[in-house]
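Trainee: need a 3D model of the sequence below.
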Amino acid sequence: MTRTSRSLSTLVLALVAAPAVLVAQGTTTSALTGLVRDPAGKPLAGALVRIASSAMIGGEKSVRTSENGSYRFPMLVPGLYKITVASQGHSSLSGLEILELGQTSTVNWKFQPVASATVEVVSGAGIGMETATTGVSQNFASETIASLPATRTLSDILNMTPGINGSNAWGGSGSGSNAYLMDGINVGDTSGGTQWIYANMDWFDEVQVGGLGAAAEFGGFSGGFINTVVKRGGNALSGVFSSFYDSTKWQAKSSNKDWNWTQADREVPDAKNYDIRMSVGGPILKDKLWYFLSAQKEQNEMTYTGTLPTGPLPTKKINSLRVLGKLTYQVLPTATLEGMFEYDNRNIDHKYVNQTWGLYDAAAGGEQTSPSRYYSLTWTQTLGANLVLTLKGNGYNGGYDILPTHGDVNCLDIDADKFFNNLDIAERNKRGRTSFSATLDYFKSGLFSASDNHAFRIGLEREKGFSESVTSNPGGYVLTADTGDVVGGVQEYLPYGAYTIGVEDVKVHSNKTILFAQDT
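Mentor: The predicted structure follows:
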C-alpha cells in the first residue's frame with residue numbers, strides 16, 4: 001500500500017508589539033531582549049550591551065541599542081549569561097540571567113544619576129526578568145532530569161508535565177499524537193507517530209515539553225511535543241561516569257502465610273540488571289571547535305521459574321547500546337556549524353518468554369533487533385545586525401525486527417497449554433525520515449511607531465519519510481493440534497487458517513512541504 005500526503009500550511013501573526021517582545025528563539029535556542037533607559041527614564045540609543053556565557057561558543061557577543069532604546073540577542077544557546085550594559089557618562093550595569101530553551105527573557109535596564117550608588121534593573125513585571133512565550137510549555141534542566149525520582153525516558157518526562165497523563169497531552173490520544181524532537185528535529189515513527197529513537201537522557205542540556213500555541217516549526221501534532229537540546233561541550237573539559245547494578249538475590253523473600261500461596265508464588269525470579277554510562281565534552285580549539293561524546297551500555301536479565309514441555313523456562317535478556325557524538329564549529333565570527341551522529345540498538349533474546357503467557361520452546365520465543373541511526377547538520381549565520389539564517393539537513397533510519405529462532409520451521413501450536421515450538425508471526429519493520437529546512441529571521445524596530453519591535457520569521461521545510469512493515473508465518477503457516485484426530489497414538493497437526501497470512505508487505509511513503517511566516 002502506498003500513500004502520499006502533501007500539506008501546505010501558512011501561519012501569519014501580525015502583532016504591533018510592546019517593547020518586551022518575543023525575539024526569534026527557535027526549537028533549540030532561547031533569546032534575550034529588553035530596553036535601556038537613561039536616568040530620566042527616556043530610551044537610550046547607542047548603549048553597548050554585552051553578553052558572555054560558558055554555553056556560548058565564539059566568546060562574548062555585543063550589540064548597541066536602537067533609537068528606541070531596545071536591544072536583542074536572538075538564537076542563543078540556553079544557559080547562564082552575564083549581561084553588561086555601558087554608555088558614556090554612566091556607570092556600567094551588570095547582572096546574571098538564565099536563558100531557557102524556547103523562551104525569551106526580557107531584561108530592561110535604567111541608569112542612575114552619577115551620584116547614586118543604586119543599580120536599577122527593571123522589566124515589565126517590576127522584577128529582574130520577564131519570560132514571554134506564545135505557548136504552554138515546561139522546561140527541565142539537566143540537573144533536574146538527573147535527580148528525577150522516576151525512570152528517565154522522554155515518555156516519563158512527558159507524563160510528569162501538568163496536563164499530560166498516560167502520554168495523552170491536552171486532548172491528544174496517546175503517544176501517537178505527540179511529536180518527539182531531538183535538537184528540534186522530529187525523531188518520531190513516520191507511521192505511528194510514536195517515539196522511534198530511544199535516547200540516553202545524559203545527552204541533553206535541557207528538555208522542553210509543550211503543545212498549545214506552539215510555533216509552526218515544531219511540526220504537526222495533535223497532542224503535545226517533547227523537545228530536547230543535545231550538549232555541545234565547552235571551553236572546559238568535563239565529563240561524567242556512572243554505573244548501576246542490582247540483583248533479585250539481594251531482595252527479601254516473601255513470608256506471606258496465605259494458604260493460596262504456593263512455594264512458587266514466594267519465589268522471586270532470578271534477575272540482574274546493570275547500566276554503564278560515560279559522557280565527556282570539551283574543546284578541540286578554544287572558542288572555535290567543541291565536542292561532546294556519550295556512550296551507554298545496558299543489560300536486563302531475568303530467569304523465570306517454571307517449566308516448559310521441553311524443559312525449564314529460558315533466560316530473557318535485553319541488551320541496549322546507545323552512542324552519540326556532536327561537533328560544534330565556529331566557522332566564522334558570524335556563523336556556526338553543528339554536526340551530530342547517533343546510533344542505538346535494543347536486542348532481546350527470547351522476547352515473548354514470560355511466566356504467565358505465551359509459552360515458547362526454550363530455543364524460540366523470538367529474537368528482537370532494532371538498530372537506528374540518526375544524523376544532522378545545522379548552519380546558523382548572522383547576516384548583518386538584523387538578519388539570521390538557519391539551514392538544517394537531517395534524517396534517521398532504523399529497523400525493528402522480531403524473527404524466529406528456528407528460522408523457517410513451521411510453528412507448532414498445542415491447544416492444551418498454548419505451547420509454541422517457534423515464533424508464530426515474524427516481523428520486519430523499517431522506518432526512515434529525511435528533511436531539509438531553511439529559516440530566515442529579520443528584526444525591525446519602529447516599523448509602525450517609534451516604540452514597536454518586530455521579529456519576522458519565514459521558513460520552508462521539505463520532508464520525506466517511509467515506513468515498511470513485513471509480516472509472515474515461519475514456514476508459511478502455523479500448525480495447530482486437531483484434538484479429535486489421533487492416528488496410531490500420534491497427534492495430528494493441521495494448518496490453522498487464522499494464522500496463515502503468507503507474506504504481508506505494507507509500505508507507506510510521505511512527502512510534506514511546510515511554509516510558514518510570522519511576525520511577533
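Trainee: what about the helices in this protein?
Mentor: Applying DSSP state H to the chain gives helices spanning 142-146, 154-159, 263-266.
Trainee: distance to L387, mean pLDDT and mean neighbour count added to those helices, as a markdown table?
Mentor: Placement of C-beta: from N, CA and C, glycine included. Listed next are these as a markdown table, based on distance: least, CB to CB, whole Å; pLDDT from 0 to 100; neighbours: other CB atoms under 10 Å:
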| stretch | distance to L387 | mean pLDDT | mean neighbour count |
| --- | --- | --- | --- |
| helix 142-146 | 32 | 80 | 13 |
| helix 154-159 | 34 | 80 | 20 |
| helix 263-266 | 70 | 64 | 10 |
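Trainee: any idea which of the ones you listed gets closest to G233?
Mentor: helix 142-146 (13.6 Å; CB to CB).
Trainee: so who does W379 touch?
Mentor: 335-337, 389-392 (CB atoms under 8 Å, 6 or more residues apart in numbering).
Trainee: go again with 6 Å.
Mentor: 337, 391 (CB atoms under 6 Å, 6 or more residues apart in numbering).
Trainee: out of the helices of the chain, flag the one nearest Y329.
Mentor: Here helix 142-146 is closest among the helices of the chain (CB to CB), at 22.7 Å.
Trainee: could I have that closest one exported to PDB, CA atoms only?
Mentor: The C-alpha trace of helix 142-146 is given here as PDB (Å, rounded to 0.1, in the frame of the first residue of the first chain):
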ATOM      1  CA  SER A 142      19.800  18.600  33.000                       C
ATOM      2  CA  GLU A 143      20.300  18.900  36.800                       C
ATOM      3  CA  THR A 144      16.600  18.400  37.300                       C
ATOM      4  CA  ILE A 145      16.500  15.400  35.000                       C
ATOM      5  CA  ALA A 146      19.400  13.800  36.800                       C
END
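Trainee: report the distance from that helix to the chain centre.
Mentor: Here helix 142-146 is found 15 Å from its chain centre; the criterion is CA atoms, centre = their mean, to the nearest Å.
Trainee: quick one on the thing from earlier: need the helices of the chain in CSV (columns: distance to Q88).
Mentor: Formatted as CSV, the helices of the chain follow (distance: least, CB to CB, whole Å):
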stretch, distance to Q88
helix 142-146, 40
helix 154-159, 48
helix 263-266, 82
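Trainee: nearest to N108, of the ones you listed?
Mentor: Closest to N108 of the helices of the chain, according to CB to CB: helix 142-146, at 28.1 Å.
Trainee: packing partners of that closest one?
Mentor: For helix 142-146, there is no helix or strand it packs on, judged by 3 or more CB pairs under 6 Å, 6 or more residues apart in numbering; DSSP states H and E.
Trainee: what are the contacting residues of that helix?
Mentor: 201, 205.
Trainee: follow-up on the earlier one: closest to R346 out of the helices of the chain?
Mentor: helix 154-159 (14.6 Å).
Trainee: what's in contact with the closest one?
Mentor: Counting by CB under 6 Å, 6+ apart, 150, 164, 195, 207, 209, 226 sit against helix 154-159.
Trainee: re the thing from before, right, so of the helices of the chain, which gets closest to N273?
Mentor: helix 154-159 (17.0 Å).
Trainee: and the closest one, how far out from the chain middle?
Mentor: That offset, for helix 154-159, works out to 10 Å (CA atoms, centre = their mean).
Trainee: if I look at I197, how far off is G432?
Mentor: 12 Å (CB to CB, to the nearest Å).
Trainee: try I157
Mentor: In terms of CB to CB, I157 sits 26 Å off from G432.
Trainee: least trustworthy helix or strand in the chain by mean pLDDT?
Mentor: For the chain, counting by mean pLDDT, DSSP states H and E, strand 130-132 ranks last in confidence among helices and strands (a mean of 40).
Trainee: which residue is the nearest non-sequential neighbour of S320?
Mentor: Distances taken as CB to CB, 6 or more residues apart in numbering put E298 closest to S320, at 4.3 Å, once the chain neighbours are dropped.
Trainee: residues contacting F466?
Mentor: Applying CB under 6 Å, 6+ apart, the residues near F466 are 432, 509.
Trainee: rewinding a little: ok, which of the helices of the chain comes nearest W290?
Mentor: Taking the helices of the chain one by one with CB to CB, helix 142-146 is closest: 16.3 Å.
Trainee: neighbours of the nearest residue to P113 once chain neighbours are set aside, how many?
Mentor: The spatial neighbour of P113 that comes closest, neighbours along the chain excluded (CB to CB, 6+ apart), is P39 at 4.9 Å. As a burial measure, P39 scores 15 neighbours (other CB atoms under 10 Å).
Trainee: distance of P39 from S70?
Mentor: 18 Å.
Trainee: same question, E143
Mentor: Per CB to CB, E143 is found 32 Å from S70.
Trainee: so where's the stretch 1-150 of the chain shaky on pLDDT?
Mentor: Along the stretch 1-150 of the chain, segments meeting pLDDT under 70 span 1-26, 114-137, 149-150.
Trainee: quick one: the strands in it, in order.
Mentor: Under the criterion DSSP state E, counting those that start in this stretch, the stretch 1-150 of the chain contains strands at 30-37, 48-52, 61-64, 70-76, 79-86, 93-99, 104-106, 108-110, 120-122, 130-132, 137-141.
Trainee: for the first one, output the C-alpha coordinates as CSV.
Mentor: Looking back up the chat, that one is strand 30-37. Output of strand 30-37 as CSV, limited to C-alpha atoms (Å, rounded to 0.1, in the frame of the first residue of the first chain):
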residue,chain,number,x,y,z
SER,A,30,16.5,31.0,23.6
ALA,A,31,16.6,34.7,23.2
LEU,A,32,17.3,37.9,25.2
THR,A,33,15.7,41.3,24.7
GLY,A,34,15.0,44.5,26.7
LEU,A,35,15.1,48.3,26.9
VAL,A,36,17.8,50.6,28.2
ARG,A,37,16.8,53.9,29.7
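Trainee: now the angle between strand 137-141 and it, please.
Mentor: Here strand 30-37 points in a direction 100 degrees away from that of strand 137-141 (axes from the mean of the first three to the mean of the last three CA atoms, to 10 degrees).
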